[in-house]
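Q: sharing a sequence plus its predicted fold:
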Amino acid sequence: MTSLTSRTASEPPGSADLLVNEVVGVPAGVGAAARRARADAYDAWLARLLPARPGVALLAVGGLGRRQCAPYGDLDLVLVHAGVPGIDELAAALWYPIWDAGLRLDHSVRTVAEALSVAQDDVKVALGLLDARLVAGDPDLADTLVSSAADHWRRTAVRQLAPLRESSAARWQAHGELAHLLEGDLKEAAGGLRDVGILRAIATAGITDALRPAVHAAHLRLLDTRDALHQQVGRRIDRLLAQERDGVAALLGLRRTPSGTAEGGPSGAVPPQPAGTSPEARAEDGDGDTLLRRVAGDARTVSHALDDAFRAADRLRSGRRRGADGRPLRRPVARDVVEHDGELVLARTAIGARPDASLSLRVAAAAATTGLPIARATCEWLAAYCPPLPTPWPAEARAALTTLLGAGAGMIPAWETCDRYGLVDRWLPEWTRLRSLPQHNPVHRFTLDRHLVQTAAEASRHTRDVDRPDLLLLGALLHDVGKGLPGDHSVVGAPIAQGIATRIGLPPAEAALIGTLVRLHLVLPEVATRRDLSDPVTIARVAESVGDVTTLDLLYALVRADAAATGPAAWSDWKGRLVAELVARVRTTLDTGDVPAPPAPDPALVAGPLPVVHLTGDRVAVAAADRRGLLATVAGCLALHRLEVLAADASTVDGRALVQCRVQPRYGLAPDPVALSADLRRAVRGDVSVTQRLRGRALAARGAGAQPRVVWHRDAATDAVLLELRAADAAGLLYRVTSALDAAGAQVRAARIATLGGDVVDAFYLVGGWPPEDERARLEAAVLAAV
């Protein structure tokens, strides 16, 4: 009985003539007018289902109650009665036609007293009744419930907001922050539509004017996005999935132009599409990243408003702290900044005809260090009257910025508040381009701007480890400033960061050092995980790039802060040890001018009967009779036991072949060491049964993935050339590639495996000089065939 398709194939999506449900006659479309039209259609249909009967009223709550119906939304209905007989039969006669029409229904049957009693015990029900609206039936009965529910909420809101905040925090924990999610739930995530409902309830209670124009505009855009998502997918869905982003963006008028830029119409407008335009064609036109940025900005507006509203409720619940004269207490916390009623406001002497240009930075620094929020009125005054900073900045402004950046976790809410009111753009005009920029690598948990702020907060943990903590903090804030621009973001971002440092007022040498930190901020982790740290060329080149110990220490601190801000997948104990080892070796070279000798092999591997197998923690060491293909055999055996190889070294000492690997369990569970050791011993002896299992597992693991690529590096090692493979991650990949190289006649003395989300960058050290072009092509073809 339900049709979820258009009437004709030629009608464009977004047309008001399309029907989401032909039984009800509910129109499709995006925008406020389409939502009201759907509400009108539902109202008319439901009114026909309810027979006229005194003492009975049908009320809509939720989206229908607010007249904000999504194309494939639920119906939330309450059948209110005055104790009339036969109410169960009447309810059944109402609900069954709704189910028969294929609609999702959330329903209840209650008297006014029962509804109010449930609302008193369940804050979610209380909030739902605030949206209640008469659809059909007794208007007096409906008015009694609506007015009583609103009056009850106003009297109890301050008390009920505390448990509501706790349940909201649990929801946020489960669904994350919409502003930073690549596939966020538009309704349930923090900053989503559910939170707008809480703001509406707080405003109804008169606690604060929570639904200000910016929040109202953000709410409408989020509703439009959900409308477009429903229409794009053709069913009820609130999670903005990656494969739907471009199509949703096209329906919202956020199109990718031939030049690669985005253009969009006003909120709620659906631009006309050519007749017969397919969803795939529309998706190609949409700009998904622009959509993500818009959703992120709206979600942050909602979240910030909700934080402000909850604080207002807390102040009402706890009461104002007053002095002996009965006035609210005011406590100075910094120059021109005082605490008033739990918030930071300007001192009276700071408000004048010509405010200090550094005032907004000093207020932000005070908020970050004290952990107190900045009052909304203060933010509005600073946004309206604080003059722009001169170039270069005065020393007081630079000091305030350093204090702000060095405040640790307190910096994040202070920065976010200033950003919501446009103050950050005045400090750093470049911030407009960075704001809410999505980062599609799955290891990143934040948008670009929040990642930069988080990195600065994490860098404050390492300020005592460096000679110039101020430069560390500024470098952390600017280290990814080149992202979003064409080219390598480290290289592109270096002159931008140096220019910002110059504008802030740093001397030329210090501004140049900021540029160096940005340009080199990926060198330590990339070299540590992709290069042989025992090779003198590796250490010498990093030392030459870094130049001095001061820069090395700053980079080491920045690397750790960057990883902590990125997310748990960006760092590990293994990676930390490698980076620390690299830093120690480079420091020795910078201090003495000598490259430290590589560590000697484990004496237990070079003595005793063969084969030797040692399993200790994340290390696997094997010694066997020297033969070709030993590294591939060991790698395959480790893959057979579901171990990922992070680094591998192969060498020959006194006729013995030594293979040493760093490993980690692929699925979190360590293998049985006895079985692993036995398989390794049999494999290196050439046991055919183990070899067959290795080949079978390798063939089973192969599959389609991203297009692999091989990159050659000529002078990256002392006695070898470097073949770098960039491909999709897969179990047994190292075994297949090393086997292919061995079959092609290449000798691998070391391998480094770096996993970046679903991709890997594997570096193989091939013994010998630079091969001719035809030889490189042959080896490259062998590797790509194995992948």
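A: Sure, I can see it.
Q: isn't L640 right up against L680?
A: No: L640 lies out of contact with L680 (CB atoms under 8 Å); the separation is 9.9 Å. Glycine gets a C-beta too; all of them are placed from N, C-alpha and C.
Q: for the two, indicate the residue with more neighbours.
A: Higher neighbour count among L640 and L680: L680, with 27 against 23, using other CB atoms under 10 Å.
Q: isn't the more buried one right up against V612?
A: No: between L680 and V612 there is no contact under CB under 8 Å: 9.9 Å.
Q: what's near enough to touch R35?
A: Neighbouring residues of R35 by CB atoms under 8 Å, 6 or more residues apart in numbering: R67, Q68, C69, A70, L223, D227.
Q: in a helix, it, correct?
A: Yes: assessed by DSSP: H, G, I helix; E, B strand; the rest coil, R35 belongs to a helix.
Q: would you map the strands across the stretch 251-400 of the chain?
A: For the stretch 251-400 of the chain, the strands defined by DSSP state E, counting those that start in this stretch occupy 255-256, 262-263, 330-334, 337-340, 343-346.
Q: make a markdown table from the ones you listed and add mean pLDDT to it.
A: Listed next are the strands of the stretch 251-400 of the chain as a markdown table, based on pLDDT from 0 to 100:
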| stretch | mean pLDDT |
| --- | --- |
| strand 255-256 | 70 |
| strand 262-263 | 44 |
| strand 330-334 | 90 |
| strand 337-340 | 94 |
| strand 343-346 | 95 |
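Q: got JSON lines for those, with mean neighbour count too?
A: Listed next are these as JSON lines, based on neighbours: other CB atoms under 10 Å:
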{"stretch": "strand 255-256", "mean neighbour count": "20"}
{"stretch": "strand 262-263", "mean neighbour count": "16"}
{"stretch": "strand 330-334", "mean neighbour count": "14"}
{"stretch": "strand 337-340", "mean neighbour count": "20"}
{"stretch": "strand 343-346", "mean neighbour count": "20"}
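Q: tell me which of these approaches A305 most closely.
A: Ranking the strands of the stretch 251-400 of the chain by proximity to A305 (CB to CB) places strand 343-346 first, at 15.2 Å.
Q: let me see the domain layout of the protein.
A: Using automatic domain parsing, the domains assigned to the chain come out as 19-173, 193-262+278-317, 611-786.
Q: right, so the ones you listed: which one is the most enclosed?
A: Ranked by mean neighbour count under mean count of other CB atoms under 10 Å, the domains of the chain are led by domain 193-262+278-317, which reaches a mean of 20.
Q: okay, how far is it across it, tip to tip?
A: Using CA to CA, to the nearest Å, the end-to-end distance of domain 193-262+278-317 comes to 26 Å.
Q: that domain: how far from the chain's middle?
A: Averaging C-alpha positions (CA atoms, centre = their mean, to the nearest Å) puts domain 193-262+278-317 16 Å from its chain's average.
Q: where does the residue lying closest to G65 once chain neighbours are set aside land in three-state SS?
A: Of all residues not flanking G65 in the chain, D131 sits nearest, at 3.8 Å (CB to CB, 6 or more residues apart in numbering). Following three-state DSSP, we place D131 in the coil state.
Q: swap in A623?
A: Once three-state DSSP is applied, A623 turns out strand.
Q: quick one: it from A142, how far?
A: Counting by CB to CB, to the nearest Å, the gap from A623 to A142 is 85 Å.
Q: not counting sequence-adjacent ones, nearest residue to G655?
A: G655's closest residue in space is D626 (CB to CB, 6+ apart), at 5.7 Å.
Q: now do the contacts for that neighbour.
A: T652, G655, R656, A657.
Q: out of those residues, what pair is the most spread apart?
A: Comparing every pair within the contacts of D626 by CB to CB identifies G655 and A657 as the most remote, at 8.4 Å.
Q: overlap of the contact sets of those two?
A: Residues touching both G655 and A657 (CB under 8 Å, 6+ apart): A625, D626.
Q: quick check, A743 in contact with A781.
A: No: counting by CB under 8 Å, A743 stays clear of A781, with 12.0 Å between them.
Q: which element is D470 on?
A: Assigned by DSSP states H and E, D470 falls within helix 469-478.
Q: give me the contacts around that helix.
A: With CB under 8 Å, 6+ apart, helix 469-478 has contacts from 401-402, 405-406, 452-453, 455-456, 458-460, 462-463, 466, 493, 496-497, 500-501, 504, 506, 510, 513-514, 517-518, 521, 554, 557-558, 561-562.
Q: burial check on the closest residue to R519 other than its chain neighbours, number of neighbours?
A: Once flanking residues are discounted, R519 sits nearest to A494: 3.9 Å by CB to CB, 6+ apart. Using other CB under 10 Å, A494 has 24 neighbouring residues.
Q: list the contacts of A494.
A: Contacts of A494 by CB under 8 Å, 6+ apart are G482, G515, T516, V518, R519.
Q: one more time with 6 Å, if that's ok
A: Listed by CB atoms under 6 Å, 6 or more residues apart in numbering, the contact set of A494 reads G515, V518, R519.
Q: I'd like those residues as TSV, with secondary structure, pLDDT and distance to L733 appended.
A: Listed next are the contacts of A494 as TSV, based on DSSP: H, G, I helix; E, B strand; the rest coil; pLDDT from 0 to 100; distance: CB to CB, whole Å:
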residue	secondary structure	pLDDT	distance to L733
G515	helix	98	37
V518	helix	98	33
R519	helix	98	31
